[in-house]
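K.L.:
Quick one, what's the 3D model for this:
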Amino acid sequence: MPDTHTSVPAAPRRKRAAAALLSIAALLATGGAPWAANPASPRAVTPRGELQADEKATIALFERSRDAVVFITTRERVRDFWSRNVFSVPKGSGSGFLWDEGGFIVTNYHVIEGASEATVRLADGTDYRSTLIGASPEHDIAVLRIKLGDKRIAPIPLGTSRDLRVGQKVFAIGNPFGLDWTLTSGIVSALDRSLGEDDGRAIHHLIQTDAAINPGNSGGPLLDSAGRLIGMNTAIYSPSGASAGIGFAVPADTVNRVVPELIRSGRYERPNLGLELDERVNARLARMLDVRGVVIVRVERGSSAEAAGLRGLTVTSNGSVIAGDIITAVDGKSVDSVDKLLALLDDKRGAGQVQLSVLRQGKTVIVQVRPQRGEGVSRL
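P.N.:
Purely as a prediction, here's the structure:
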């Protein structure tokens, strides 16, 4: 009887066996539904469930605050050397926030410094030409104004910076690199920082934060977890120019002291004593005398400093300099520079008398002085 068995090559048998095993594995993986394993079909979406409580709080904070944050672009006028024609060219950009419903905008002074015009863009995309109301370079604060007409936008609730704690959460809203209305978060990293500027001035009492702050964030609000304004982002420390986790903000208490004055009079007058001071002379004499403090160069006639008996330095006939009074502390807080003295006096605005610790002929004496508005602390 002829053999009816047909042999099958080994290779095809192995291929069919492997395919069968893959089919079985797919059925097991998909619960017995072979069509669900089709990679050309969209995958089923897994329900997320409820957002976490802190996520909901952050979303609500941003949505409440966003409309009060603005994007500022500036332009400057330049004259062509050959044609003598004047052109308006882009200068820079930054952030700001509405101070009230009347259209006053708070931003950094360095955002608008040197600009001939500034355009404010609201969250709805509307652009407004702004007017400069006033500025305080010493605090890096400027106030602009736009005409909102019948539009009403609620400002960000104002908080206080006096009770901030290192470690508490903070949130920054701004336009880093022109990427409008960006939210970043972090914590308060340190308090009462000082930051020097290129012109020799220093800004004091700054809040340090690790919330990502980049060029374009300047002038934007720094908020606490309750959505209150606790500072205005002003600077970063970064060798590369981008965020390195060290940002600084002008505290809300400073903003709340300076802004109303700028709105009222266009400038901010620090409370002064009627002293003439020189940072260069101060540094030289402080080193020579081996003291830390502020050397009084001259006391103005009729000033509160003269009434309190403060004394300036004297120059002898042979050109020698004899130090007079050296201010070492204001209300117990030490000073070692003219800027620090001015900042501490600024903190005492409206407080009446201040107590100065003065080094006089090698002895420390206490002098009570009442700062008078409008008197000068002059820099030579």
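
K.L.:
Flag the shaky bits of the protein, pLDDT-wise.
P.N.:
1-37, 80-90, 197-201, 238-243, 350-351, 373-380 (pLDDT under 70).

K.L.:
strand partners of whichever strand in it runs longest, parallel vs antiparallel please.
P.N.:
Counting by DSSP state E, the longest strand found in the chain is strand 182-196. Here strand 182-196 is paired, per DSSP bridges, with strand 169-174 (antiparallel), strand 202-209 (antiparallel).

K.L.:
and it, how far out from the chain's middle?
P.N.:
For strand 182-196, the separation from the chain centroid amounts to 8 Å (computed by C-alpha atoms, centre = their mean, to the nearest Å).

K.L.:
Other residues contacting it?
P.N.:
58, 62, 164-176, 202-213, 217, 235, 245-246, 248, 339-340 (C-beta atoms under 8 Å, 6 or more residues apart in numbering). (Glycine included, C-beta is placed from N, CA and C.)

K.L.:
Then stretch 311-321?
P.N.:
275-276, 285, 295-299, 322-325, 360.

K.L.:
Dump those residues to TSV, plus distance to V315 and secondary structure.
P.N.:
Output for those, formatted as TSV (distance: C-beta to C-beta, whole Å; DSSP: H, G, I helix; E, B strand; the rest coil):
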residue	distance to V315	secondary structure
L275	17	strand
E276	14	strand
L285	12	helix
V295	13	strand
I296	14	coil
V297	10	coil
R298	11	strand
V299	15	strand
I322	8	strand
A323	11	coil
G324	11	coil
D325	16	coil
R360	18	strand
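
K.L.:
Nearest to V45 among the residues you listed?
P.N.:
L275 (70.8 Å; C-beta to C-beta).

K.L.:
Confirm for me that the closest one is in contact with E306.
P.N.:
No. Using C-beta atoms under 8 Å, L275 is not in contact with E306; the gap is 9.6 Å.

K.L.:
who touches the residue nearest the centre of the chain in this structure?
P.N.:
With distances taken as C-alpha atoms, centre = their mean, the residue of the chain nearest its centroid is N233 (1.5 Å). N233 makes contact with 95, 172, 174, 213, 217-222, 247-249 under the criterion C-beta under 8 Å, 6+ apart.

K.L.:
Turn the buried ones among the contacts of strand 182-196 into a named ChimeraX selection, would you?
P.N.:
To isolate the buried ones among the contacts of strand 182-196 in ChimeraX, judged by 16 or more other C-beta atoms under 10 Å, type:
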select :58,62,164,169,170,171,172,173,174,175,176,202,203,204,205,206,207,208,209,210,211,212,213,217,235,246,248,339,340
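
K.L.:
List the strands paired with the strand or helix carrying L223, with their directions.
P.N.:
Per DSSP states H and E, L223 falls inside strand 221-224. Here strand 221-224 has these sheet partners by DSSP bridges: strand 169-174 (antiparallel), strand 229-236 (antiparallel).

K.L.:
what comes into contact with the first one?
P.N.:
What that stands for is strand 169-174. 58, 61-62, 65-66, 69, 94-95, 181-188, 207, 209, 211-213, 216-225, 230-231, 233, 247, 249.

K.L.:
now those: which count as buried?
P.N.:
Looks like the contacts of strand 169-174 have 58, 61-62, 65, 69, 94-95, 181-186, 188, 207, 209, 211-213, 216-224, 230-231, 233, 247, 249 buried, using 16+ other C-beta under 10 Å.

K.L.:
Please parse the chain into its domains.
P.N.:
64-145, 169-265, 271-379 (automatic domain parsing).

K.L.:
is L222 in a bridge, and if so with what?
P.N.:
A172, G231.

K.L.:
From L206, how far off is it?
P.N.:
For L222, the distance to L206 equals 11 Å [C-beta to C-beta, to the nearest Å].

K.L.:
Identify the contacts common to L275 and E306.
P.N.:
What both L275 and E306 touch, as defined by C-beta under 8 Å, 6+ apart, is the set 299-300.

K.L.:
more neighbours, the two?
P.N.:
L275 (27 against 16; other C-beta atoms under 10 Å).

K.L.:
residue contacts, that one?
P.N.:
296-300, 303, 305, 310, 312, 377-378.

K.L.:
And the buried ones among these, selectable in PyMOL?
P.N.:
Filtering the contacts of L275 down to the buried ones (16+ other C-beta under 10 Å) takes a single PyMOL command:
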select buried, resi 296+297+298+299+300+303+305+310+312+377
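
K.L.:
SS state for D346?
P.N.:
Assigned with DSSP: H, G, I helix; E, B strand; the rest coil, D346 falls in the helix class.

K.L.:
List the contacts of it.
P.N.:
270-271.

K.L.:
same question, L179
P.N.:
G216 are the contacts of L179 under C-beta under 8 Å, 6+ apart.

K.L.:
Now it: phi and psi?
P.N.:
phi -80, psi 90 (degrees, to the nearest 10).

K.L.:
Check the gap between it and T74 for me.
P.N.:
Taken as C-beta to C-beta, the span from L179 to T74 is 18 Å.

K.L.:
next one: G312
P.N.:
42 Å.

K.L.:
wait, what's in contact with V365?
P.N.:
Counting by C-beta under 8 Å, 6+ apart, V365 has contacts 357-358.
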